[in-house]
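Visitor: Make a model of this:
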Amino acid sequence: MSIQENIRKLDAEIPGHVAIIAVSKRKPVEDIMQAYEAGHRIFGENRVQELIEKQPLLPGDINWHMIGHLQTNKVKYIAGFVDMIHSVDSLKLALAIDREADKTGRVIPVLLQVHIADEESKFGFSEDELNSLLDSQELSVLRNIRIDGLMGMATYTEDLEKIRSEFRYLGEVFSRVKNAYFAGSDHFRQISMGMSGDYEIAIEEGSTMIRVGTVIFGARTY
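Guide: Presented below is the predicted three-dimensional model:
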């Protein structure tokens, strides 16, 4: 099937409250335009260099989401246009985003990344670290970021029950954080979890944003 057919099929099967982040890493501008012409507007990149190369070449009404690990010294390159950063995994990064957003007169929506997988290589806060961050005075004074929810990546495994349990745990953490810190907030409502191989499980466990590339663009060549 074509990229446009893949987009339409996915749109038809995904519930309306779930946003589809089309992960366009390593995909050419031409492929992104095919998805755009099918009506899709939200795209995710995981490398700053690729994002800043593609963004000027594509329509201005695209919503760009930074979904990969972000180094503090790279924030300045995307602060002027990025629509959401999914991967805030330290206070240091939150401070950098706030500082660069202030320079451009913007408030950048972010998600806090929670470590839910077995792999040590994955980034993110433990639940205790998350609570410490949200209790901190340093975070409370930031005015140019807005915390819209949580993000997590499941273990890379064939064990679907393990994946489900990790997604369920993220949903539980989200509920606890919402009740403790964002009970009166309309914007803290996003759970970004689920990729091409496990997005159906993620949606069943409460995901509001799935990050899918292969099911739209086909397999990547590395």
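Visitor: secondary structure element for Tyr169?
Guide: Per DSSP states H and E: Tyr169 is located in helix 160-181.
Visitor: after that helix comes which helix or strand?
Guide: Counting by DSSP H and E, what follows helix 160-181 is strand 190-192.
Visitor: Output the helix or strand following that following strand as CSV - backbone C-alpha positions only.
Guide: Towards the C-terminus, the helix or strand next in line after strand 190-192, according to DSSP H and E, is helix 199-204. This file holds the C-alpha atoms of helix 199-204, laid out as CSV (Å, rounded to 0.1, in the frame of the first residue of the first chain):
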residue,chain,number,x,y,z
TYR,A,199,0.3,0.8,19.5
GLU,A,200,-2.9,-1.2,19.7
ILE,A,201,-1.9,-2.4,23.2
ALA,A,202,-0.9,1.2,24.1
ILE,A,203,-4.3,2.6,23.1
GLU,A,204,-6.0,-0.1,25.2
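Visitor: Helix 199-204 packs against which elements?
Guide: Where contact means 3 or more CB pairs under 8 Å, 6 or more residues apart in numbering; DSSP states H and E, helix 199-204 is packed against helix 160-181, strand 209-212. The way it works is simple: take the backbone N, C-alpha and C, and place the C-beta from them, glycine included.
Visitor: ok now the first one, how far from the chain's centre?
Guide: It stands for helix 160-181. Centroid displacement of helix 160-181 relative to its chain, using CA atoms, centre = their mean, to the nearest Å, is 16 Å.
Visitor: Next, the buried residues of that helix.
Guide: Neighbour-count burial for helix 160-181 flags 163-164, 166-167, 169-171, 173-174, 177-178, 181 (criterion: 16 or more other CB atoms under 10 Å).
Visitor: quick one: contacts of stretch 166-181?
Guide: With CB atoms under 8 Å, 6 or more residues apart in numbering as the test, stretch 166-181 has contacts from 114, 116-117, 127, 130-131, 134, 149-150, 152, 154-155, 185, 188, 191, 193-194, 198, 201-202, 205-207.
Visitor: average pLDDT for it?
Guide: Averaging pLDDT along stretch 166-181 yields 98.
Visitor: Okay, helices next: where are they in this protein?
Guide: Assigned by DSSP state H, the chain shows helices spanning 3-13, 29-37, 48-54, 75-78, 91-103, 127-135, 137-140, 160-181, 199-204, 214-217.
Visitor: Mind checking the ones you listed for the one nearest to Ile85?
Guide: Closest to Ile85 of those is helix 91-103 (CB to CB; 6.3 Å).
Visitor: For the closest one, list the C-alpha coordinates in CSV.
Guide: The C-alpha coordinates for helix 91-103 follow below in CSV (Å, rounded to 0.1, in the frame of the first residue of the first chain):
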residue,chain,number,x,y,z
LEU,A,91,15.5,19.2,35.3
LYS,A,92,18.5,20.5,33.4
LEU,A,93,16.7,19.9,30.1
ALA,A,94,13.5,21.5,31.3
LEU,A,95,15.5,24.6,32.3
ALA,A,96,17.2,24.8,28.9
ILE,A,97,13.8,24.5,27.1
ASP,A,98,12.3,27.2,29.3
ARG,A,99,15.3,29.5,28.7
GLU,A,100,15.3,29.1,24.9
ALA,A,101,11.5,29.3,24.7
ASP,A,102,11.7,32.6,26.6
LYS,A,103,14.1,34.0,24.0
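Visitor: Pull out the buried residues from that helix.
Guide: Neighbour-count burial for helix 91-103, counted by 16+ other CB under 10 Å, picks out 91, 93-102.
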